[in-house]
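Q: Model the structure of this input:
(one chain, ligands or ions: 1)
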Amino acid sequence: MPETFKNFIGGEWAVPSTGDYFENRNPADWNEVIGRFPRSGPDDMTRAIASAKRGFARWSKTPAPLRGQVLQRVGDLLVERKEQIARAMTREMGKVLAETRGDVQEGIDTAFYAATEGRRLFGRVVPSELRSKWAMSYRRPIGVAGLITPFNFPLAIPTWKMFPALLCGNAVIFKPAEDVPHTGHLLVEVLIDAGLPPEVVQLVHGQGSVVGRAMIEHPDVPVISFTGSTETGSVIGATCGKLHKRLSLEMGGKNAMIVMDDADLDLALDGVLWGAFGTTGQRCTATSRLILHQKIHERFLKMVCDRAERLRLGPGLDEKTEVGPLIHDEARQKVGDYVEIAKKEGATVAIGGKIPGDKRLECGWFYEPTVFAGVKPGMRVEQEEIFGPALAVLKVGSLDEAIKVNNDVQYGLSSALYTRDVNAAFRAMEDLDNGITYVNAPTIGAEAHLPFGGVKQTGNGHREGGWEVYDFYSETKTIYVDYSGTLQRAQIDTYTE
Ligand code: NAD
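A: Sure, this is the predicted structure:
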């Protein structure tokens, strides 16, 4: 009998008001049920919000360096539980163990960064234009922050939101993706065991269109941070716009790697395999387009196909596996649909393009690593996010053309350039229209202490990670203190000596 899990509301583990549950299954073997999780209703969210408001009243008054100490303990516990969480994550999400260990490590890095930020969280003091007057700004907590996260980074992405939000003194409500509720549960356990005061964190499982929506529409949740698809982000953006909420959106990508004719091709080969087929292509920063200089096009395409064909598919818990399953049936179906679209548009399927025949894999959502050749700018497989192990290969005649192809999509998350020409590298760093550019490294590989996010339809101008995210989770208040004992009128009473 699989374990039945609860929400965390009002400072305790709580059954859902609906009495309803959904099953969470292993994508590498759909016969394995990981657990039953609450299919919560709007009432659960209302209770969570009321509780978070109480948590906020206390936590917002806790000095930031002490809040940082709690996050230090959170980081320590994540270190202790890294292997246990990584294994649970692979079981419910599918990606290989090396990657889920990396996912937890990103949470650890984010916790330790947040812990030190507790002793910084700088405001500014600047000279006033008037005498005997101080002018300064400082950061205040905002209130209850609602966090909605996707399935592909079940621990790292929630921590990118939760830890800075908490460090800034906000209470949080966490709505994990339906496909990865177990990792969400384990993360909240860590926070509680680390000594986060009651009611500062709430965990509400369930469908985005029910509990996510109830959170977004509630007036007592002034901050929303969402990572997920551009379609869902648009729905959330419309509601938050009407209600004047502070909103951070991190959405889809169609990231390209450019390989020039002077590149180290062996290095670029390792990079493209990792970028395109790591996490089974289910990364917002996945390399889904490969833009090749015509002089190396044939040779490099063959190198990619030869190696990609030999990638070992299997359950992520098997240390020999290189590519795990997709998250669910619908995701796999979507890759299959794009194979048909690619053929209709005149591209060729160089390798893959089908469900593997291997009996060992027949109860998982596996799909063969797929390479589309002969892709032209504007084709749907070149423009749309597939979110699976599929790579579209294009041929160009120059760096200018490569940059143009990279930029001519609606998304703008990440890009990569392989070259030995330093001038070309710097020009591309300036002209590639993305939030992140890698030189001689694949399109994936963000570090927790730098800003992360994309331009155009990928985001709405905010950043996660690094120092910038602390601006999002804090309100800047400006203070003037006039100790002159007279009325000094700004812009009117000026001093020239
Ligand atoms: P999704 O949009 O289907 O779901 C994301 C979350 O939104 C889930 O928790 C879901 O329950 C919730 N949700 C769905 N409908 C909602 C609604 N109406 N109101 C409120 N919440 C709702 O995305 P997914 O399939 O889990 O993740 C894949 C997508 O995420 C890809 O497009 C990928 O590029 C993107 N992503 C982006 C980044 C980034 O930083 N830019 C990082 C990871 C993933």
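Q: Alongside the ligand, which residues does the stretch 1-150 of the chain contribute?
A: Residues of the stretch 1-150 of the chain lying close to the ligand by C-beta under 6 Å from any ligand atom are 148-150. (C-beta placed from N, C-alpha, C; glycine too.)
Q: Grab the nearest non-local neighbour of whichever residue of the stretch 251-400 of the chain sits closest to the ligand.
A: Relative to the ligand, the nearest point of the stretch 251-400 of the chain is Cys284 (3.1 Å; C-beta to the nearest ligand atom). Nearest residue to Cys284 in three dimensions, chain neighbours excluded: Gly253, at 4.7 Å (C-beta to C-beta, 6 or more residues apart in numbering).
Q: part of a strand, is the one you found?
A: No: using DSSP: H, G, I helix; E, B strand; the rest coil, the assignment for Gly253 is coil, not a strand.
Q: Quick check, it in contact with Val455.
A: No: assessed by C-beta atoms under 8 Å, Gly253 is found out of contact with Val455, at 10.6 Å.
Q: Which one of those two is surrounded by more residues?
A: A count of neighbours by other C-beta atoms under 10 Å puts Gly253 above the other of Gly253 and Val455, at 29 against 16.
Q: Report the separation between the more buried one and Lys477.
A: According to C-beta to C-beta, to the nearest Å, Gly253 stands 35 Å off from Lys477.
Q: JSON lines please, covering the residues of the stretch 1-150 of the chain next to the ligand and showing neighbour count and secondary structure.
A: Output for those, formatted as JSON lines (neighbours: other C-beta atoms under 10 Å; DSSP: H, G, I helix; E, B strand; the rest coil):
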{"residue": "Ile148", "neighbour count": "26", "secondary structure": "strand"}
{"residue": "Thr149", "neighbour count": "27", "secondary structure": "coil"}
{"residue": "Pro150", "neighbour count": "24", "secondary structure": "coil"}
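Q: ok, so of those residues, who is nearest the ligand?
A: Nearest to the ligand among those, with distances taken as C-beta to the nearest ligand atom, is Pro150, at 3.1 Å.
Q: Looks like that closest one contacts Ala156 (just checking).
A: No: contact criterion C-beta under 8 Å: Pro150 and Ala156 do not qualify, at 10.8 Å.
Q: Point out where this structure drops to low pLDDT.
A: Scanning the chain for pLDDT under 70 picks out 496-497.
Q: For it, which residue gets nearest to the ligand?
A: For the chain, C-beta to the nearest ligand atom, closest residue to the ligand: Gly208, 2.0 Å.
Q: Just give the number of residues close to that residue.
A: Gly208 has 19 nearby residues by other C-beta under 10 Å.
Q: what's the answer for the one 3 residues further on, then?
A: If you count neighbours by other C-beta under 10 Å, Val211 ends up with 26.
Q: In contact with it, which residues?
A: 40-42, 44-45, 175, 204-205 (C-beta atoms under 8 Å, 6 or more residues apart in numbering).
Q: re the thing from before, the residue of the chain closest to the ligand: what's it in contact with?
A: Per C-beta under 8 Å, 6+ apart, neighbours of Gly208: 148, 175, 177-178, 228, 232.
Q: So which of those residues sit within strands?
A: With strands taken from DSSP state E, the overlap with the contacts of Gly208 comprises 148, 175.
Q: Surely Asp44 and Val15 touch.
A: No: between Asp44 and Val15 there is no contact under C-beta under 8 Å: 9.4 Å.
Q: list the contacts for the residue nearest to the spatial centre of the chain?
A: With distances taken as C-alpha atoms, centre = their mean, Ile157 lies nearest the centre of the chain, 4.7 Å away. Counting by C-beta under 8 Å, 6+ apart, Ile157 makes contact with 149-150, 227.
Q: For the stretch 201-350 of the chain, just list every one of the helices.
A: Secondary structure of the stretch 201-350 of the chain (DSSP state H, counting those that start in this stretch): helices at 213-217, 230-242, 265-277, 297-309, 329-345.
Q: next one: the stretch 51-200 of the chain
A: Counting by DSSP H, counting those that start in this stretch, the stretch 51-200 of the chain has helices at residues 64-80, 82-93, 97-117, 156-167, 181-193.
Q: follow-up on the earlier one: between the residues of the stretch 1-150 of the chain next to the ligand, which is nearest Ala135?
A: Nearest to Ala135 among these: Ile148, at 37.7 Å, using C-beta to C-beta.
Q: State the distance from the closest one to Asp400.
A: From Ile148 across to Asp400, the span is 39 Å (C-beta to C-beta).
Q: Also Phe426?
A: 14 Å.
Q: again with Ser234
A: Distance from Ser234 to Asp400, by C-beta to C-beta: 32 Å.
Q: one step back: as CSV, the helices of the stretch 201-350 of the chain with distance to Lys61 and mean neighbour count would be great.
A: As requested, these are exported to CSV (distance: least, C-beta to C-beta, whole Å; neighbours: other C-beta atoms under 10 Å):
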stretch, distance to Lys61, mean neighbour count
helix 213-217, 24, 21
helix 230-242, 27, 16
helix 265-277, 45, 21
helix 297-309, 55, 17
helix 329-345, 44, 17
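Q: Output those as TSV; include the columns distance to the ligand.
A: Output for those, formatted as TSV (distance: least, C-beta to the nearest ligand atom, whole Å):
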stretch	distance to the ligand
helix 213-217	4
helix 230-242	3
helix 265-277	14
helix 297-309	21
helix 329-345	8
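Q: I'd like those helices as JSON lines, with distance to Tyr418 appended.
A: Output for the helices of the stretch 201-350 of the chain, formatted as JSON lines (distance: least, C-beta to C-beta, whole Å):
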{"stretch": "helix 213-217", "distance to Tyr418": "41"}
{"stretch": "helix 230-242", "distance to Tyr418": "28"}
{"stretch": "helix 265-277", "distance to Tyr418": "4"}
{"stretch": "helix 297-309", "distance to Tyr418": "10"}
{"stretch": "helix 329-345", "distance to Tyr418": "24"}
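Q: For Arg463, find the nearest of the ones you listed.
A: Comparing the helices of the stretch 201-350 of the chain by C-beta to C-beta, helix 230-242 comes nearest, at 15.3 Å.
Q: List the neighbours of that closest one that are in contact with it.
A: Contacts of helix 230-242 (C-beta under 8 Å, 6+ apart): 148, 208, 212-213, 216-217, 224, 226, 246-247, 249, 251-252, 385, 411, 457-458, 460.
Q: and what of stretch 91-102?
A: 24, 26-28, 32, 34, 82-83, 85-87, 89-90, 103, 151-152, 154, 179-183, 278-280, 282, 316-317, 319, 321-327, 364-365.
Q: Which positions within it qualify as buried?
A: Neighbour-count burial for stretch 91-102, counted by 16 or more other C-beta atoms under 10 Å, picks out 91-97, 99-102.
Q: next one: stretch 390-410
A: 390-396, 399, 401-403, 405-407, 409.
Q: Which pair of those residues spans the longest distance?
A: Most distant of the buried residues of stretch 390-410, by C-beta to C-beta, are Ala390 and Leu399, 25.3 Å apart.
Q: For Leu311, give its distance to Val381.
A: Relative to Val381, and taking C-beta to C-beta, Leu311 is found at 20 Å.
Q: what about these two, which has more around it?
A: Val381 (23 against 15).
Q: Surely that one and Val349 touch.
A: No: taking contacts as C-beta under 8 Å, Val381 lies outside contact range of Val349: 10.2 Å.
Q: shared neighbours, these two?
A: Residues within reach of Val381 and of Val349 at once, by C-beta under 8 Å, 6+ apart, are 342, 372.
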